[in-house]
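K.L.:
A predicted structure for the sequence below; I have some questions about it.
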Amino acid sequence: MTLTTSPGFSLRQYGICLKGIVWRENLRFLHQRERFVSALVRPLVWLFIFAAGFRQVLGVSIIPPYETYVLYEVYITPGLIAMIQLFNGMQSSMSMVYDREMGNMRTLLVSPLPRWYLLLSKLIAGTLVSILQVYTYLAIAWFWDVEPPIIGYIAVLPALVLSGLMLGALGMLLSSLIKQLENFSGVMNFVIFPMFFASSALYPLWRVKESSPLLYRVCEFNPFTHAVELIRFALYAKLDWSSLAVVVVCGLLFMVAAIVAYDPSRGLIALRGGPGGGQ
Amino acid sequence: MLERDDRPGHLPLAVDGLSHSYGSRKALDDVSISVQPATFAVLLGLNGAGKSTLFSLITRLFNTRKGTIRIFGHDLNGEPGDALKLVGVVFQARTLDLDLSVMQNLLYHAALHGIGNRDALASANRVLERMSLTDRAKDKVRDLSGGQMRRVEIARALLHKPRLLVLDEATVGLDIKARADLVTHVRRLVAEEGISVLWATHLIDEVSRGDDVIVLHHGKVMAKGSLEAVVASVGSSDIREAFKMLTDPTATHSEAA
(Lines give C-alpha, C1' and ligand atoms only; values in the text may rest on other atoms or scores of the structure.)
Protein backbone atom coordinates (compact mmCIF):
# COMPACT_ATOMS: atom_id res chain seq x y z
CA MET A 1 0.00 0.00 0.00
CA THR A 2 1.36 3.40 -0.90
CA LEU A 3 1.10 6.05 1.72
CA THR A 4 0.14 9.51 0.63
CA THR A 5 2.05 12.37 2.10
CA SER A 6 0.10 15.56 2.03
CA PRO A 7 1.64 18.86 1.18
CA GLY A 8 -0.33 21.95 2.25
CA PHE A 9 -3.33 23.21 0.36
CA SER A 10 -2.97 25.50 -2.64
CA LEU A 11 -4.77 28.83 -2.95
CA ARG A 12 -7.00 27.22 -5.57
CA GLN A 13 -8.08 24.59 -3.05
CA TYR A 14 -8.91 27.28 -0.51
CA GLY A 15 -10.98 28.95 -3.23
CA ILE A 16 -12.79 25.69 -4.05
CA CYS A 17 -13.64 25.23 -0.39
CA LEU A 18 -15.03 28.76 -0.07
CA LYS A 19 -17.02 28.33 -3.26
CA GLY A 20 -18.43 25.03 -1.99
CA ILE A 21 -19.53 26.50 1.33
CA VAL A 22 -21.12 29.53 -0.38
CA TRP A 23 -22.86 27.23 -2.88
CA ARG A 24 -24.27 25.03 -0.13
CA GLU A 25 -25.46 28.00 1.95
CA ASN A 26 -27.24 29.52 -1.05
CA LEU A 27 -28.76 26.18 -1.99
CA ARG A 28 -30.10 25.73 1.51
CA PHE A 29 -31.48 29.25 1.52
CA LEU A 30 -33.21 28.79 -1.83
CA HIS A 31 -34.62 25.44 -0.73
CA GLN A 32 -36.14 27.05 2.34
CA ARG A 33 -38.55 29.36 0.51
CA GLU A 34 -40.39 30.26 3.69
CA ARG A 35 -37.11 31.55 5.12
CA PHE A 36 -36.63 33.78 2.08
CA VAL A 37 -40.19 35.06 2.24
CA SER A 38 -40.14 35.72 5.98
CA ALA A 39 -36.78 37.46 5.68
CA LEU A 40 -38.44 39.87 3.25
CA VAL A 41 -41.83 40.19 4.88
CA ARG A 42 -40.37 41.32 8.21
CA PRO A 43 -38.76 44.59 6.96
CA LEU A 44 -41.57 45.17 4.48
CA VAL A 45 -44.14 45.08 7.27
CA TRP A 46 -42.09 47.69 9.08
CA LEU A 47 -41.85 49.75 5.92
CA PHE A 48 -45.46 49.47 4.73
CA ILE A 49 -47.25 49.57 8.08
CA PHE A 50 -45.06 50.91 10.86
CA ALA A 51 -43.41 53.65 8.81
CA ALA A 52 -46.70 54.71 7.21
CA GLY A 53 -48.32 54.96 10.63
CA PHE A 54 -45.49 56.85 12.25
CA ARG A 55 -44.71 59.12 9.33
CA GLN A 56 -46.67 61.96 10.86
CA VAL A 57 -45.71 61.25 14.48
CA LEU A 58 -41.97 61.00 14.04
CA GLY A 59 -40.77 63.94 12.01
CA VAL A 60 -37.14 63.75 10.95
CA SER A 61 -35.07 66.92 10.71
CA ILE A 62 -32.36 67.42 8.12
CA ILE A 63 -29.43 65.38 9.34
CA PRO A 64 -26.45 64.00 7.45
CA PRO A 65 -26.30 62.30 5.02
CA TYR A 66 -29.67 63.72 3.97
CA GLU A 67 -29.62 67.17 2.39
CA THR A 68 -33.30 67.77 2.67
CA TYR A 69 -36.29 66.51 4.60
CA VAL A 70 -36.87 62.84 3.90
CA LEU A 71 -39.83 60.57 4.32
CA TYR A 72 -39.79 58.45 7.44
CA GLU A 73 -39.74 55.41 5.13
CA VAL A 74 -36.48 56.66 3.69
CA TYR A 75 -35.08 57.28 7.16
CA ILE A 76 -35.77 53.80 8.50
CA THR A 77 -34.63 51.93 5.38
CA PRO A 78 -30.96 51.64 6.51
CA GLY A 79 -32.20 50.36 9.87
CA LEU A 80 -34.39 47.79 8.15
CA ILE A 81 -31.50 46.74 5.92
CA ALA A 82 -29.34 46.21 9.00
CA MET A 83 -32.26 44.36 10.57
CA ILE A 84 -32.31 41.98 7.60
CA GLN A 85 -28.62 41.32 8.18
CA LEU A 86 -29.05 41.00 11.94
CA PHE A 87 -31.81 38.43 11.54
CA ASN A 88 -29.84 36.62 8.87
CA GLY A 89 -26.79 36.49 11.15
CA MET A 90 -28.92 35.11 13.97
CA GLN A 91 -30.67 32.68 11.63
CA SER A 92 -27.27 31.39 10.48
CA SER A 93 -26.19 30.95 14.06
CA MET A 94 -29.45 29.16 14.82
CA SER A 95 -28.75 26.80 11.95
CA MET A 96 -25.26 26.26 13.36
CA VAL A 97 -26.76 25.25 16.69
CA TYR A 98 -29.18 22.97 14.83
CA ASP A 99 -26.36 21.53 12.72
CA ARG A 100 -24.36 20.93 15.87
CA GLU A 101 -27.27 19.15 17.53
CA MET A 102 -28.00 17.11 14.40
CA GLY A 103 -24.32 16.45 13.75
CA ASN A 104 -24.09 18.20 10.33
CA MET A 105 -21.59 20.64 11.75
CA ARG A 106 -19.09 17.82 12.16
CA THR A 107 -18.81 17.47 8.40
CA LEU A 108 -17.51 20.99 8.20
CA LEU A 109 -15.25 20.80 11.21
CA VAL A 110 -13.42 17.58 10.25
CA SER A 111 -12.32 19.08 6.94
CA PRO A 112 -8.52 19.17 6.75
CA LEU A 113 -8.52 22.89 5.96
CA PRO A 114 -7.85 25.18 8.91
CA ARG A 115 -10.89 25.65 11.12
CA TRP A 116 -10.61 29.44 11.13
CA TYR A 117 -10.84 29.37 7.35
CA LEU A 118 -13.90 27.11 7.39
CA LEU A 119 -15.68 29.39 9.84
CA LEU A 120 -14.70 32.48 7.89
CA SER A 121 -16.02 30.87 4.71
CA LYS A 122 -19.30 30.10 6.45
CA LEU A 123 -19.46 33.71 7.57
CA ILE A 124 -18.86 34.98 4.04
CA ALA A 125 -21.51 32.60 2.71
CA GLY A 126 -24.06 33.89 5.24
CA THR A 127 -23.18 37.50 4.40
CA LEU A 128 -23.73 36.90 0.69
CA VAL A 129 -27.16 35.44 1.43
CA SER A 130 -28.03 38.52 3.50
CA ILE A 131 -26.90 40.83 0.67
CA LEU A 132 -29.19 38.97 -1.72
CA GLN A 133 -32.06 39.66 0.68
CA VAL A 134 -31.11 43.32 1.05
CA TYR A 135 -31.09 44.02 -2.69
CA THR A 136 -34.44 42.26 -3.09
CA TYR A 137 -35.80 44.47 -0.29
CA LEU A 138 -34.35 47.62 -1.92
CA ALA A 139 -35.94 46.68 -5.23
CA ILE A 140 -39.36 46.41 -3.59
CA ALA A 141 -38.84 49.54 -1.47
CA TRP A 142 -38.10 51.56 -4.63
CA PHE A 143 -41.78 51.31 -5.47
CA TRP A 144 -42.50 52.78 -2.02
CA ASP A 145 -40.63 56.02 -2.69
CA VAL A 146 -37.39 54.80 -1.17
CA GLU A 147 -35.15 55.94 -4.01
CA PRO A 148 -31.53 56.49 -3.05
CA PRO A 149 -29.26 57.68 -5.89
CA ILE A 150 -28.22 54.97 -8.34
CA ILE A 151 -24.60 55.26 -7.18
CA GLY A 152 -25.86 54.50 -3.68
CA TYR A 153 -26.89 51.00 -4.73
CA ILE A 154 -23.28 50.29 -5.64
CA ALA A 155 -21.65 52.27 -2.82
CA VAL A 156 -23.69 50.41 -0.22
CA LEU A 157 -22.25 47.03 -1.25
CA PRO A 158 -18.96 47.25 0.71
CA ALA A 159 -20.90 48.58 3.71
CA LEU A 160 -23.23 45.59 3.49
CA VAL A 161 -20.27 43.22 3.34
CA LEU A 162 -18.75 44.76 6.48
CA SER A 163 -21.97 44.97 8.47
CA GLY A 164 -23.00 41.49 7.32
CA LEU A 165 -19.69 40.04 8.45
CA MET A 166 -19.91 41.81 11.81
CA LEU A 167 -23.47 40.69 12.53
CA GLY A 168 -22.77 37.19 11.20
CA ALA A 169 -19.69 36.91 13.41
CA LEU A 170 -21.77 37.99 16.38
CA GLY A 171 -24.29 35.28 15.53
CA MET A 172 -21.52 32.71 15.22
CA LEU A 173 -20.13 33.70 18.60
CA LEU A 174 -23.59 33.40 20.14
CA SER A 175 -24.07 29.97 18.57
CA SER A 176 -20.97 28.77 20.43
CA LEU A 177 -22.49 29.99 23.71
CA ILE A 178 -25.80 28.25 23.17
CA LYS A 179 -25.91 24.60 24.00
CA GLN A 180 -29.33 23.69 22.69
CA LEU A 181 -31.71 25.04 20.11
CA GLU A 182 -34.43 25.64 22.70
CA ASN A 183 -32.19 28.20 24.38
CA PHE A 184 -32.14 30.23 21.20
CA SER A 185 -35.37 32.08 21.93
CA GLY A 186 -33.39 33.93 24.61
CA VAL A 187 -31.28 35.41 21.85
CA MET A 188 -34.36 37.06 20.41
CA ASN A 189 -35.20 38.71 23.72
CA PHE A 190 -31.72 39.52 24.92
CA VAL A 191 -29.85 40.29 21.71
CA ILE A 192 -31.97 41.01 18.65
CA PHE A 193 -34.66 43.25 20.16
CA PRO A 194 -32.37 45.31 22.44
CA MET A 195 -29.85 45.76 19.62
CA PHE A 196 -32.51 46.89 17.19
CA PHE A 197 -34.47 49.22 19.45
CA ALA A 198 -31.48 50.75 21.24
CA SER A 199 -30.04 52.04 17.98
CA SER A 200 -30.54 54.72 15.37
CA ALA A 201 -32.59 52.32 13.23
CA LEU A 202 -36.00 53.80 14.07
CA TYR A 203 -35.21 57.31 15.32
CA PRO A 204 -32.24 59.67 15.06
CA LEU A 205 -29.91 59.69 18.05
CA TRP A 206 -30.47 63.40 18.78
CA ARG A 207 -34.09 62.55 19.53
CA VAL A 208 -33.05 59.77 21.86
CA LYS A 209 -30.64 62.15 23.59
CA GLU A 210 -33.46 64.59 24.23
CA SER A 211 -35.55 62.01 26.01
CA SER A 212 -32.86 59.94 27.74
CA PRO A 213 -29.13 60.73 27.85
CA LEU A 214 -28.49 57.26 29.31
CA LEU A 215 -30.26 55.50 26.45
CA TYR A 216 -28.36 57.75 24.06
CA ARG A 217 -25.08 56.44 25.53
CA VAL A 218 -26.31 52.87 25.20
CA CYS A 219 -27.21 53.51 21.56
CA GLU A 220 -23.80 54.99 20.92
CA PHE A 221 -22.08 51.89 22.31
CA ASN A 222 -24.33 49.57 20.34
CA PRO A 223 -22.40 48.29 17.29
CA PHE A 224 -25.70 47.86 15.47
CA THR A 225 -26.13 51.67 15.50
CA HIS A 226 -22.85 51.96 13.63
CA ALA A 227 -23.84 49.29 11.12
CA VAL A 228 -27.03 51.28 10.45
CA GLU A 229 -25.15 54.56 10.06
CA LEU A 230 -22.51 53.00 7.81
CA ILE A 231 -25.28 51.74 5.54
CA ARG A 232 -27.21 55.04 5.75
CA PHE A 233 -24.23 57.10 4.59
CA ALA A 234 -23.17 54.53 1.97
CA LEU A 235 -26.64 54.61 0.40
CA TYR A 236 -25.89 58.26 -0.40
CA ALA A 237 -22.33 57.48 -1.53
CA LYS A 238 -20.89 58.98 1.63
CA LEU A 239 -18.67 57.53 4.29
CA ASP A 240 -19.10 57.80 8.05
CA TRP A 241 -15.58 57.13 9.25
CA SER A 242 -16.40 56.54 12.91
CA SER A 243 -19.08 53.98 12.02
CA LEU A 244 -16.69 52.30 9.62
CA ALA A 245 -14.06 52.04 12.37
CA VAL A 246 -16.53 50.62 14.91
CA VAL A 247 -17.95 48.08 12.44
CA VAL A 248 -14.50 46.90 11.36
CA VAL A 249 -13.13 46.64 14.91
CA CYS A 250 -16.25 44.96 16.31
CA GLY A 251 -16.39 42.63 13.30
CA LEU A 252 -12.80 41.55 13.88
CA LEU A 253 -13.36 41.11 17.62
CA PHE A 254 -16.50 39.01 17.13
CA MET A 255 -14.80 36.96 14.45
CA VAL A 256 -11.72 36.20 16.54
CA ALA A 257 -13.88 35.37 19.55
CA ALA A 258 -16.06 33.02 17.45
CA ILE A 259 -13.00 31.29 15.99
CA VAL A 260 -11.50 30.86 19.46
CA ALA A 261 -14.84 29.56 20.75
CA TYR A 262 -14.89 26.90 18.03
CA ASP A 263 -11.20 26.06 18.46
CA PRO A 264 -10.89 22.42 19.53
CA SER A 265 -8.19 23.15 22.07
CA ARG A 266 -9.35 26.36 23.68
CA GLY A 267 -12.95 27.00 22.81
CA LEU A 268 -16.26 26.72 24.57
CA ILE A 269 -17.30 23.91 22.22
CA ALA A 270 -14.37 21.79 23.42
CA LEU A 271 -15.24 22.42 27.06
CA ARG A 272 -18.73 21.07 26.62
CA GLY A 273 -17.69 17.98 24.69
CA GLY A 274 -17.38 18.94 21.04
CA PRO A 275 -19.81 19.91 18.31
CA GLY A 276 -22.66 17.50 18.44
CA GLY A 277 -21.79 16.86 21.93
CA GLY A 278 -21.88 13.12 22.07
CA GLN A 279 -19.49 11.07 24.10
CA MET B 1 -1.94 -7.03 17.21
CA LEU B 2 -1.37 -3.89 17.38
CA GLU B 3 2.14 -4.35 18.64
CA ARG B 4 3.28 -6.20 15.57
CA ASP B 5 4.22 -3.19 13.46
CA ASP B 6 7.83 -2.16 13.51
CA ARG B 7 7.21 1.32 12.03
CA PRO B 8 4.90 2.92 14.54
CA GLY B 9 5.34 6.35 12.98
CA HIS B 10 3.67 5.18 9.79
CA LEU B 11 0.79 3.16 11.13
CA PRO B 12 -2.60 4.20 9.77
CA LEU B 13 -3.53 5.09 13.34
CA ALA B 14 -1.33 5.18 16.43
CA VAL B 15 -2.85 6.44 19.68
CA ASP B 16 -0.51 6.66 22.62
CA GLY B 17 -1.26 7.45 26.28
CA LEU B 18 -4.48 9.29 25.44
CA SER B 19 -6.60 10.62 28.30
CA HIS B 20 -9.58 12.93 28.19
CA SER B 21 -11.91 14.33 30.83
CA TYR B 22 -15.17 16.23 30.87
CA GLY B 23 -14.70 18.34 33.96
CA SER B 24 -13.86 15.92 36.73
CA ARG B 25 -15.25 12.89 34.88
CA LYS B 26 -12.60 10.88 33.08
CA ALA B 27 -13.85 9.63 29.70
CA LEU B 28 -10.59 8.11 28.48
CA ASP B 29 -7.76 6.91 30.66
CA ASP B 30 -4.31 6.31 29.19
CA VAL B 31 -5.57 4.73 25.99
CA SER B 32 -2.94 3.30 23.64
CA ILE B 33 -4.14 1.56 20.49
CA SER B 34 -3.18 1.30 16.86
CA VAL B 35 -4.60 0.14 13.56
CA GLN B 36 -2.52 -1.86 11.11
CA PRO B 37 -2.49 -1.25 7.35
CA ALA B 38 -5.34 -2.93 5.44
CA THR B 39 -6.90 -4.23 8.64
CA PHE B 40 -10.45 -4.26 9.95
CA ALA B 41 -10.06 -3.27 13.61
CA VAL B 42 -13.14 -3.46 15.79
CA LEU B 43 -13.39 -1.12 18.76
CA LEU B 44 -15.76 -2.96 21.07
CA GLY B 45 -17.37 -1.23 24.00
CA LEU B 46 -20.66 -0.81 25.79
CA ASN B 47 -22.53 2.48 25.66
CA GLY B 48 -20.54 5.07 27.60
CA ALA B 49 -17.27 3.19 27.20
CA GLY B 50 -15.64 6.23 25.62
CA LYS B 51 -15.83 5.20 21.95
CA SER B 52 -17.38 8.45 20.73
CA THR B 53 -14.94 10.51 22.78
CA LEU B 54 -12.10 8.60 21.16
CA PHE B 55 -13.63 9.29 17.74
CA SER B 56 -14.03 12.97 18.49
CA LEU B 57 -10.36 13.11 19.40
CA ILE B 58 -9.21 11.11 16.37
CA THR B 59 -11.17 13.45 14.08
CA ARG B 60 -9.99 16.51 16.02
CA LEU B 61 -13.44 17.72 16.92
CA PHE B 62 -11.59 18.52 20.08
CA ASN B 63 -7.92 18.54 20.82
CA THR B 64 -5.88 15.94 22.59
CA ARG B 65 -4.68 17.36 25.89
CA LYS B 66 -2.84 14.32 27.15
CA GLY B 67 -1.30 11.73 24.86
CA THR B 68 -0.72 11.69 21.12
CA ILE B 69 -2.61 10.62 18.01
CA ARG B 70 -0.71 9.95 14.81
CA ILE B 71 -2.28 9.21 11.45
CA PHE B 72 0.21 7.75 8.99
CA GLY B 73 2.90 9.40 11.06
CA HIS B 74 1.29 12.86 11.10
CA ASP B 75 0.72 14.19 14.58
CA LEU B 76 -2.92 15.30 14.77
CA ASN B 77 -2.11 18.33 16.90
CA GLY B 78 0.96 19.43 14.97
CA GLU B 79 -0.17 18.66 11.42
CA PRO B 80 -3.97 18.41 11.57
CA GLY B 81 -4.50 19.16 7.88
CA ASP B 82 -2.05 16.50 6.69
CA ALA B 83 -3.49 13.96 9.12
CA LEU B 84 -7.18 14.62 8.39
CA LYS B 85 -6.65 14.44 4.63
CA LEU B 86 -5.97 10.74 5.06
CA VAL B 87 -9.03 9.94 7.14
CA GLY B 88 -12.60 9.26 6.12
CA VAL B 89 -15.13 9.60 8.92
CA VAL B 90 -18.61 8.23 9.53
CA PHE B 91 -20.09 9.52 12.77
CA GLN B 92 -22.69 7.83 14.89
CA ALA B 93 -25.15 10.70 14.31
CA ARG B 94 -26.33 11.22 10.74
CA THR B 95 -24.44 14.13 9.24
CA LEU B 96 -25.96 14.40 5.77
CA ASP B 97 -27.93 17.41 4.63
CA LEU B 98 -31.39 15.93 4.17
CA ASP B 99 -32.61 18.68 1.85
CA LEU B 100 -29.78 18.25 -0.63
CA SER B 101 -29.45 15.42 -3.14
CA VAL B 102 -26.96 12.60 -2.69
CA MET B 103 -24.69 14.12 -5.34
CA GLN B 104 -24.93 17.61 -3.81
CA ASN B 105 -23.89 16.21 -0.43
CA LEU B 106 -20.90 14.55 -2.05
CA LEU B 107 -19.88 17.64 -3.99
CA TYR B 108 -20.08 19.73 -0.83
CA HIS B 109 -17.81 17.29 0.95
CA ALA B 110 -15.40 17.36 -1.99
CA ALA B 111 -15.24 21.15 -1.80
CA LEU B 112 -14.41 20.93 1.92
CA HIS B 113 -11.36 18.93 0.85
CA GLY B 114 -10.43 21.41 -1.87
CA ILE B 115 -11.36 19.02 -4.71
CA GLY B 116 -12.44 20.84 -7.87
CA ASN B 117 -15.73 20.12 -9.63
CA ARG B 118 -14.46 17.87 -12.42
CA ASP B 119 -12.44 15.63 -10.09
CA ALA B 120 -15.23 15.72 -7.53
CA LEU B 121 -17.79 14.48 -10.06
CA ALA B 122 -15.51 11.66 -11.17
CA SER B 123 -14.80 10.67 -7.55
CA ALA B 124 -18.46 10.91 -6.60
CA ASN B 125 -19.48 8.60 -9.44
CA ARG B 126 -16.72 6.19 -8.45
CA VAL B 127 -17.75 5.98 -4.78
CA LEU B 128 -21.46 5.81 -5.59
CA GLU B 129 -20.80 2.87 -7.86
CA ARG B 130 -18.65 1.30 -5.15
CA MET B 131 -21.51 1.58 -2.67
CA SER B 132 -24.16 0.50 -5.22
CA LEU B 133 -25.89 3.89 -5.13
CA THR B 134 -25.42 5.18 -8.66
CA ASP B 135 -29.16 5.20 -9.36
CA ARG B 136 -29.86 7.34 -6.28
CA ALA B 137 -27.40 10.16 -7.09
CA LYS B 138 -30.10 12.72 -7.88
CA ASP B 139 -32.46 11.74 -5.08
CA LYS B 140 -32.84 13.88 -2.00
CA VAL B 141 -31.21 12.25 1.00
CA ARG B 142 -34.52 12.60 2.85
CA ASP B 143 -36.03 10.04 0.48
CA LEU B 144 -33.47 7.32 1.22
CA SER B 145 -33.76 4.46 3.68
CA GLY B 146 -31.58 4.37 6.80
CA GLY B 147 -29.24 1.81 5.26
CA GLN B 148 -28.88 3.83 2.06
CA MET B 149 -28.13 6.99 4.05
CA ARG B 150 -25.36 5.15 5.84
CA ARG B 151 -23.95 3.96 2.53
CA VAL B 152 -24.02 7.55 1.27
CA GLU B 153 -22.08 8.57 4.37
CA ILE B 154 -19.50 5.90 3.67
CA ALA B 155 -19.36 6.95 0.00
CA ARG B 156 -18.81 10.51 1.18
CA ALA B 157 -16.09 9.41 3.58
CA LEU B 158 -14.31 7.67 0.67
CA LEU B 159 -14.60 10.59 -1.74
CA HIS B 160 -11.22 12.12 -1.02
CA LYS B 161 -9.50 8.72 -1.22
CA PRO B 162 -8.59 8.31 2.45
CA ARG B 163 -6.36 5.48 3.58
CA LEU B 164 -7.99 5.17 6.99
CA LEU B 165 -11.72 4.92 7.53
CA VAL B 166 -13.17 5.42 11.01
CA LEU B 167 -16.80 4.55 11.67
CA ASP B 168 -18.60 5.14 14.94
CA GLU B 169 -21.55 2.78 15.52
CA ALA B 170 -22.34 2.93 11.81
CA THR B 171 -25.01 0.22 12.00
CA VAL B 172 -27.09 1.79 14.76
CA GLY B 173 -30.76 1.94 13.79
CA LEU B 174 -30.43 -0.38 10.78
CA ASP B 175 -32.32 -3.63 10.27
CA ILE B 176 -30.46 -6.93 10.11
CA LYS B 177 -30.14 -7.01 6.34
CA ALA B 178 -29.00 -3.39 6.00
CA ARG B 179 -26.52 -3.99 8.81
CA ALA B 180 -25.08 -7.07 7.12
CA ASP B 181 -24.88 -5.25 3.76
CA LEU B 182 -23.06 -2.34 5.30
CA VAL B 183 -20.51 -4.49 7.09
CA THR B 184 -19.94 -6.44 3.86
CA HIS B 185 -19.35 -3.21 1.92
CA VAL B 186 -16.77 -1.99 4.41
CA ARG B 187 -15.00 -5.34 4.61
CA ARG B 188 -14.70 -5.31 0.83
CA LEU B 189 -12.96 -1.95 1.02
CA VAL B 190 -10.35 -3.50 3.30
CA ALA B 191 -9.90 -6.60 1.16
CA GLU B 192 -9.98 -4.98 -2.27
CA GLU B 193 -8.59 -1.49 -1.74
CA GLY B 194 -6.29 -1.99 1.22
CA ILE B 195 -8.07 0.64 3.31
CA SER B 196 -7.59 0.39 7.07
CA VAL B 197 -10.76 0.53 9.13
CA LEU B 198 -11.50 1.36 12.74
CA TRP B 199 -15.04 0.15 13.35
CA ALA B 200 -16.59 1.08 16.69
CA THR B 201 -19.53 -0.99 17.84
CA HIS B 202 -21.19 -2.57 20.84
CA LEU B 203 -22.50 -5.45 18.73
CA ILE B 204 -20.32 -8.52 19.10
CA ASP B 205 -21.69 -10.26 16.04
CA GLU B 206 -20.00 -7.62 13.88
CA VAL B 207 -16.61 -9.12 14.80
CA SER B 208 -15.27 -11.73 12.38
CA ARG B 209 -12.33 -14.08 12.18
CA GLY B 210 -9.22 -12.21 11.08
CA ASP B 211 -10.26 -8.91 12.69
CA ASP B 212 -8.25 -7.06 15.24
CA VAL B 213 -10.19 -6.28 18.40
CA ILE B 214 -9.87 -3.52 20.98
CA VAL B 215 -12.10 -3.77 24.05
CA LEU B 216 -12.77 -0.41 25.66
CA HIS B 217 -14.55 -0.19 29.00
CA HIS B 218 -15.03 2.85 31.25
CA GLY B 219 -12.44 4.70 29.19
CA LYS B 220 -9.75 2.03 29.54
CA VAL B 221 -8.41 -0.50 27.09
CA MET B 222 -9.18 -3.90 28.62
CA ALA B 223 -7.72 -6.01 25.83
CA LYS B 224 -6.32 -5.62 22.34
CA GLY B 225 -4.96 -7.94 19.71
CA SER B 226 -6.20 -10.35 17.10
CA LEU B 227 -9.62 -11.85 17.78
CA GLU B 228 -8.02 -15.15 18.70
CA ALA B 229 -5.48 -13.48 21.01
CA VAL B 230 -8.15 -11.50 22.88
CA VAL B 231 -10.30 -14.60 23.36
CA ALA B 232 -7.30 -16.60 24.57
CA SER B 233 -6.08 -13.83 26.87
CA VAL B 234 -9.05 -14.28 29.23
CA GLY B 235 -9.31 -18.02 28.79
CA SER B 236 -12.71 -17.88 27.16
CA SER B 237 -14.12 -19.91 24.31
CA ASP B 238 -15.40 -17.11 22.09
CA ILE B 239 -15.44 -13.30 21.78
CA ARG B 240 -18.91 -12.99 23.29
CA GLU B 241 -17.77 -14.67 26.49
CA ALA B 242 -14.47 -12.78 26.46
CA PHE B 243 -16.24 -9.43 26.07
CA LYS B 244 -18.64 -10.26 28.90
CA MET B 245 -15.74 -11.19 31.18
CA LEU B 246 -13.76 -8.08 30.27
CA THR B 247 -16.62 -5.66 30.82
CA ASP B 248 -18.21 -7.39 33.80
CA PRO B 249 -15.54 -8.54 36.23
CA THR B 250 -18.09 -10.41 38.33
CA ALA B 251 -19.01 -12.66 35.39
CA THR B 252 -17.68 -16.20 35.56
CA HIS B 253 -17.03 -18.43 32.59
CA SER B 254 -20.39 -20.19 32.85
CA GLU B 255 -22.37 -16.94 33.31
CA ALA B 256 -20.66 -15.29 30.43
CA ALA B 257 -21.38 -18.21 28.16
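P.N.:
Happy to help now that I have it. A quick note: this is a predicted structure, and the numbers were derived from the prediction, not measured.

K.L.:
CA atoms for contacts and neighbours, from now on please.
P.N.:
Fine.

K.L.:
Which neighbouring elements make contact with the helix or strand containing A:M94?
P.N.:
Taking DSSP states H and E as the criterion, A:M94 maps to helix A:72-102. Using 3 or more C-alpha pairs under 8 Å, 6 or more residues apart in numbering or on different chains; DSSP states H and E as the contact test, the elements touching helix A:72-102 are helix A:33-45, helix A:51-54, helix A:104-109, helix A:115-142, helix A:150-177, helix A:223-234.

K.L.:
what about 7 Å?
P.N.:
Packing contacts for helix A:72-102, counted by 3 or more C-alpha pairs under 7 Å, 6 or more residues apart in numbering or on different chains; DSSP states H and E, involve helix A:33-45, helix A:115-142, helix A:150-177, helix A:223-234.

K.L.:
Please compute how far it lies from its chain's middle.
P.N.:
Computed by C-alpha atoms, centre = their mean, to the nearest Å, the chain-centroid distance of helix A:72-102 equals 5 Å.

K.L.:
Same check on stretch B:197-217?
P.N.:
Relative to its chain's centre, stretch B:197-217 lies at 10 Å (C-alpha atoms, centre = their mean).

K.L.:
out of everything not next to it in sequence, what's closest to residue 153?
P.N.:
Chain wasn't specified; assuming chain A. A:L235 (6.3 Å; C-alpha to C-alpha, 6 or more residues apart in numbering or on different chains).

K.L.:
The intended chain is chain B.
P.N.:
In space, B:E153 is closest to B:V90, 6.2 Å off (C-alpha to C-alpha, 6+ apart).

K.L.:
can I assume that neighbour is in contact with B:L164?
P.N.:
No. Contact criterion C-alpha atoms under 7 Å: B:V90 and B:L164 do not qualify, at 11.3 Å.

K.L.:
more neighbours, the two?
P.N.:
Neighbours per residue (other C-alpha atoms under 10 Å in any protein chain shown) separate B:V90 from B:L164, with B:L164 holding more: 30 against 26.

K.L.:
That one bridge partners, please.
P.N.:
Beta-bridge pairing for B:L164 (DSSP bridges): B:V87, B:S196.

K.L.:
Burial check on B:D211, number of neighbours?
P.N.:
B:D211, neighbours per other C-alpha under 10 Å, totals 17.

K.L.:
so it makes contact with B:G225?
P.N.:
No. B:D211 is beyond contact range of B:G225, at 8.8 Å (criterion: C-alpha under 7 Å).

K.L.:
Sticking with the residue nearest to B:I204 when sequence neighbours are not counted, tell me its helix or strand.
P.N.:
Once flanking residues are discounted, B:I204 sits nearest to B:R240: 6.3 Å by C-alpha to C-alpha, 6+ apart. Element membership for B:R240, per DSSP H and E: helix B:239-247.

K.L.:
ok, now B:A120?
P.N.:
Assigned by DSSP H and E, B:A120 falls in helix B:117-130.

K.L.:
by how many degrees do the next helix or strand after that helix and helix B:117-130 diverge?
P.N.:
Downstream of helix B:117-130, the next assigned helix or strand under DSSP H and E is helix B:146-158. Helix B:146-158 and helix B:117-130 are oriented at 140 degrees to each other (axes from the mean of the first three to the mean of the last three C-alpha atoms, to 10 degrees).

K.L.:
Counting by contacts, list what helix B:146-158 packs against.
P.N.:
strand B:87-90, helix B:117-130.
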